[in-house]
Structures are given as C-alpha cells and as structure tokens.
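Asks: Just the structure for this:
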Amino acid sequence: MTPAELRQARYRALSDPVRRRILRLLEDSAEPRDVESLAGAVRLHPNTVRGHLDVLEAADLVARDKQPRTTPGRPRMVYRRTSGSGEPAAPDYRLLAEMLTATVESSTHDPARAAEEAGRRWARQLCGEMAPHALGSDEATRRITQLLEEVGFAPRAEAGGGRTVIELSDCPFRDVARDHPEVICSLHMGLMRGAAEALGNATEVESLEPFVQPSLCRTVLTPRV
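Replies: Numbers count the residues shown, from 1 in each chain. Down below sits the predicted model:
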C-alpha cells in the first residue's frame, strides 16, 4: 500500500465514531483485547465490532494476534493498537488544531472566553433553524447528547436526581486538549451552551469536568428554572 493509499484508508477508518472509540479503548488498555470485551464496551454485537476491526486493521491502526490455548479449540484472537501507526488522527489534522489553538491563545487576553464564544457560534451553525419553543428540557438534553456524538464524542447519558450526567469518551481533540485544556474544553463548553440556547434555553449546562479519567470527560445538564 502506497503512503497515499494508507492515508486514505486511515481517513476512512477514523471517519466513524465507533471505530475511533474502539481505537481509544485499545490505546488505553494495558493488554490486547478480544472482540467480546470490545463489543461489551461499545455495546454492539461482536460481528459488528469485527467489521470495524477489519477496517482498522486494513488501515494499519490495529493488529491481531493469536492467543495460545491450553485446551482444544480455535485460538483466541486479540487486538492491539499498532506501535508504528502514529497518532490516531491524521497528522495534518492535529497540526491544524494546534495552529488554531495557538492563534486563539496569542490573539486575546482571555482565550477561554474567545474559545467558548467560538463554540457557541459553532453550535448555532450545527443546530440551524429549530423550534425552541417546542422543546422541553428532556428533548433539549437528548439533542445536545446527539450533537456531541455527531461532532466526534461517544456520549453516554444518565438521568437522575433532577439532572443528567453525560460521560464523554473519545474526545475528537483529545491530544490537543491535554496541552491546551483552557481553549479546547472551553470550545466544547461553548458548543453545549450554544446548543442549549438554540434549542430554547430549557436546559442549562452546569459544568464540564475534563479528563476525570484518561479518556473520559463529564458534563452535567440541569433543567433551567
């Protein structure tokens, strides 16, 4: 496979949020993982996960190994993140994110505020023309969760006690966010708050906690009173 073909294969592999989630799970795991454990983590059928792994393997982002058995039967297949495949996102994509982040940081005395406002504008473009008066808090929260998935997160929402906690896996800017949380996390906070405003202000984005685990952030949404 030529370098151009490999790059095209990686773009295709990484265009799917489920495959990005699988890649993060392998990246964060100390040991190779089998299909069943990955399927349980992403809540999909093992055959579906096998299909995603085939695409990732073709792009040289994961590799499969046979695990020796001590009993008769077919060898167990496990998957690992390849050591020579580089960053999970295309290098030029990460470079662009870093350049834009550096520009925000150097062009204003309050980069967090500028990033949050950019996130609000982004949300307004993504939400488009909606009927905010028709949306209650539950529906607005559902749409915000859906929006987070569309931009690259793997959100998992749990409601209780008058609020909704959304666990955010697979941050699309994770590597840049580690070095520039003030900008990237503020951008995502602005995205959620802008979406809440565009959907009628029935829901309030109470907080965003970055990296509560290595690949996990958490946000809390509450009904606006």
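
Asks: C-alpha coordinates for the longest strand along the chain, CSV please?
Replies: Using DSSP state E to assign secondary structure, the strand with the most residues in the chain is strand 203-213. Extracted in CSV, the C-alpha atoms of strand 203-213 (Å, rounded to 0.1, in the frame of the first residue of the first chain):
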residue,chain,number,x,y,z
THR,A,203,-31.6,23.2,29.7
GLU,A,204,-28.6,24.6,31.4
VAL,A,205,-25.0,23.3,31.0
GLU,A,206,-23.9,23.3,34.6
SER,A,207,-20.3,22.0,34.4
LEU,A,208,-17.7,20.3,32.3
GLU,A,209,-15.0,18.2,34.0
PRO,A,210,-12.1,17.4,31.7
PHE,A,211,-10.2,14.1,32.0
VAL,A,212,-11.8,12.6,35.0
GLN,A,213,-10.2,9.5,33.6
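
Asks: strands paired with it, and their directions?
Replies: strand 216-223 (antiparallel) (DSSP bridges).

Asks: so where's the protein shaky on pLDDT?
Replies: Residues of the chain meeting the criterion pLDDT under 70: 4, 7-8, 11, 69, 73, 83-96, 99, 128-134.

Asks: what are the ranges of the helices in it?
Replies: For the chain, the helices defined by DSSP state H occupy 3-14, 17-28, 35-42, 46-58, 91-107, 111-127, 137-150, 174-179, 181-198.

Asks: Out of those, which is the most enclosed?
Replies: When these are scored by mean count of other CB atoms under 10 Å, the highest mean neighbour count falls to helix 181-198 (a mean of 22). Backbone N, C-alpha and C define where each C-beta goes, glycine included.

Asks: and that one, what does it pack onto?
Replies: Helices and strands touching helix 181-198, by 3 or more CB pairs under 8 Å, 6 or more residues apart in numbering; DSSP states H and E, are helix 91-107, helix 111-127, helix 137-150, helix 174-179, strand 203-213, strand 216-223.

Asks: Would you agree Arg80 is in contact with Val62?
Replies: Yes - contact criterion CB atoms under 8 Å: Arg80 and Val62 qualify, at 6.6 Å.

Asks: More neighbours: which of the two?
Replies: Neighbours were tallied for Arg80 and for Val62 using other CB atoms under 10 Å; the higher tally belongs to Val62 (25 against 15).

Asks: Contact partners for the more buried one?
Replies: Counting by CB atoms under 8 Å, 6 or more residues apart in numbering, Val62 touches 22-23, 26, 53, 56, 79-82.

Asks: residues contacting the nearest residue to Arg120 once chain neighbours are set aside?
Replies: Take Arg120 and drop its neighbours on the chain: the residue closest to it by CB to CB, 6 or more residues apart in numbering is Gly194, 3.3 Å away. Counting by CB under 8 Å, 6+ apart, Gly194 touches 119-124, 127.

Asks: And Pro68, how close does it get to Thr103?
Replies: Using CB to CB, to the nearest Å, Pro68 is found at 52 Å from Thr103.

Asks: Same question for Ala198.
Replies: 26 Å.

Asks: hmm, back to that, between the helices of the chain, which gets nearest to Ala157?
Replies: Ranking the helices of the chain by proximity to Ala157 (CB to CB) places helix 137-150 first, at 4.9 Å.

Asks: contacting residues for the residue lying closest to Asp34 once chain neighbours are set aside?
Replies: Using CB to CB, 6+ apart and skipping the chain neighbours, the partner closest in space to Asp34 is Val78 (5.1 Å). Going by CB under 8 Å, 6+ apart, Val78 touches 31-34, 64-65, 67.
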